[in-house]
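Asker: Attaching a predicted model along with its sequence, questions to come.
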Amino acid sequence: MPDLDGLDVQERLNEIGSGLPILFLTGHGSVETSVQAIKAGAEDVLTKPILKSTLLEAIERAARCRGRTERRSKSTSQIRTAPATRSSAEPAGGLDARFAEVMDAAPVMIWVSGPDKQCIWFNRPWLTFTGRDMQQELGNGWSEGVHQEDFDRCLETYVSHFDARKEFRMEYRLRRHDRTYRWIDDTGIPRYARDGSFLGYIGSCTDIHEYRETQSELRRRLLEISRLTRRADAAAIASLFAHELNQPLAAILSNIESAELDVEGSSAPVGVKEILSDIRRDSLRASQIIRHMQNLLRSGEPEIQKIDLNDVVGLVHEILKPHAAEAGVEMKTHPSQSMLAVRVDPTWLQQVVLNLALNAMDATMKDRPGQRRVVMETRQVDRSKAGFSVSDTGTGIPAHQLSSIFEPFASKRGGSGLGLSTSRGIVEAFGGRIWATNKAGGGAVFQFTLPLLGA
């Protein structure tokens, strides 16, 4: 029915008094949509793709539920007793019993809170996971199961977003019934009555412990790239030292040559020529050692290839996402809708993006948990360039450092002070430009552009 959605169809069926059980089958379901459908009278909400066996089980369950409802309705009309008080098993906070029944069958853990931030209901999967009963979890009881190291960050995120009536998402460790802690991905959204009044929040939680355990490979890649950064820093240090040492060594060799010319054929003391020869040999050996150190630390030739800047940023985001979650940093990406093809060495460019993103995360550490945000964005600039930016909510860059932030040793956040200098060298080697600015509302923005392929 092209002019009607599922909720419209359900409303029409309700108007004509249809007694048929209603199931929703959707390709883009959400908790909010499910709640609307259940409140309107649906027996269940299923999300595609779905197995045939699962669908048949849902149909049978809906038929049984509708049968029980009809029998209960007939019995009530025949007895005509006074209205019964709500049993303790029914959900509190004005929640519909049918909603609770369907949410109990959901494959995720669901919680509901009232406008006072106190939790008023948990579904069966949550209670099964924690091994506690409803009374133990109500109010703030659920927080007793949150890992001590995650508690403050978790509570800060919940309270700050609740007060702002904003959706939130957080990861924390929750104690399971076997006393082990499991990583949970918790998403909460505000809920409102039909008249627009605020009712509280509803949230869904997924056990992501295995997912986080599989991040070991990504963490290995993070360490590998970090080693590349340190290696590049060491090479830069070697280059600086070589530059400073080669000049005096060249002067020493020049002076030795002059001295050798002066003593040749003269009545110089015995052994002077040998001493000058030893100094020449030692100076040449020192020059060879410096060149060997440079060659040892210098990265190999870059492997230039066509890549999408969006892919590089996406990979770095995946690498840093677990680290950001543990640090209480909300990290987001806003990729360009179009491909940003550039010709670079992928590993070198990953090193640049990773270094800038880690710096941005470090800059937010003075922010309160729940307020630490880093945003990476890619875009096309002037039809001929691919652009990248990373912004943070930190304190920004001191004004006197803005013009020299990419100079060696200008910024030393726990490293050698060469990370930004190395990043500039890499970007400029591929024909790009890199710079930094402060945001008006606080924090810094680091940006670079690279030539678009074919532009």
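Answerer: Here it is on my side, so go on.

Asker: per-residue confidence for His292?
Answerer: At His292, the predicted lDDT confidence score is 47.

Asker: shaky segments in the stretch 151-300 of the chain?
Answerer: Low-confidence segments of the stretch 151-300 of the chain, defined by pLDDT under 70, are located at 214-247, 263, 265-272, 278, 281-283, 285-300.

Asker: Now do the helices in it.
Answerer: Counting by DSSP state H, counting those that start in this stretch, the stretch 151-300 of the chain has helices at residues 209-213, 216-263, 272-297.

Asker: ok, now the stretch 301-450 of the chain?
Answerer: Secondary structure of the stretch 301-450 of the chain (DSSP H, counting those that start in this stretch): helices located at 309-326, 346-363, 419-429.

Asker: how far away is Glu171 from Asp185?
Answerer: Applying Cβ to Cβ, to the nearest Å, one obtains 5 Å for the distance of Glu171 from Asp185. Every residue, glycine included, has its C-beta placed from N, CA and C.

Asker: Of these two, give the one with the bigger neighbour count.
Answerer: A count of neighbours by other Cβ atoms under 10 Å puts Glu171 above the other of Glu171 and Asp185, at 21 against 18.

Asker: ok, now which ones touch that one?
Answerer: 183-186, 208, 325 (Cβ atoms under 8 Å, 6 or more residues apart in numbering).

Asker: try Lys439
Answerer: Under the criterion of Cβ under 8 Å, 6+ apart, the neighbours of Lys439 are 391, 396, 445.

Asker: repeat for Ala357
Answerer: Ala357 makes contact with 316-317, 320, 331, 374, 376, 390, according to Cβ under 8 Å, 6+ apart.

Asker: for the chain, what's the longest strand?
Answerer: Taking DSSP state E as the criterion, the chain has its longest strand at strand 181-192.

Asker: Just the C-alphas of that one, formatted as PDB.
Answerer: Output of strand 181-192 as PDB, limited to C-alpha atoms (Å, rounded to 0.1, in the frame of the first residue of the first chain):
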ATOM      1  CA  TYR A 181      32.400  -8.800  33.700                       C
ATOM      2  CA  ARG A 182      31.300  -8.500  30.100                       C
ATOM      3  CA  TRP A 183      31.600  -5.500  27.800                       C
ATOM      4  CA  ILE A 184      28.200  -4.000  27.000                       C
ATOM      5  CA  ASP A 185      27.200  -1.600  24.200                       C
ATOM      6  CA  ASP A 186      24.400   0.500  25.700                       C
ATOM      7  CA  THR A 187      22.200   2.900  23.600                       C
ATOM      8  CA  GLY A 188      19.600   5.100  25.200                       C
ATOM      9  CA  ILE A 189      17.000   7.400  23.600                       C
ATOM     10  CA  PRO A 190      14.400   9.700  25.100                       C
ATOM     11  CA  ARG A 191      10.800   8.600  25.200                       C
ATOM     12  CA  TYR A 192       7.800  10.900  25.000                       C
END
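
Asker: that older thread, so for Phe129, which of the helices of the stretch 301-450 of the chain sits nearest?
Answerer: The minimum distance between Phe129 and the helices of the stretch 301-450 of the chain falls on helix 309-326, with 19.9 Å, by Cβ to Cβ.

Asker: what angle sits between that closest one and strand 181-192?
Answerer: Helix 309-326 and strand 181-192 meet at an angle of 100 degrees, taking axes from the mean of the first three to the mean of the last three Cα atoms, to 10 degrees as the criterion.

Asker: same question for helix 309-326, mean pLDDT?
Answerer: pLDDT averaged over helix 309-326 gives 87.

Asker: what residues does it touch?
Answerer: Applying Cβ under 8 Å, 6+ apart, the contact partners of helix 309-326 are 171, 212, 215, 218-219, 221-222, 225, 330-331, 333, 335-336, 339-342, 346, 349-350, 353-354, 357-358, 361, 374, 376, 378, 386, 388, 450.
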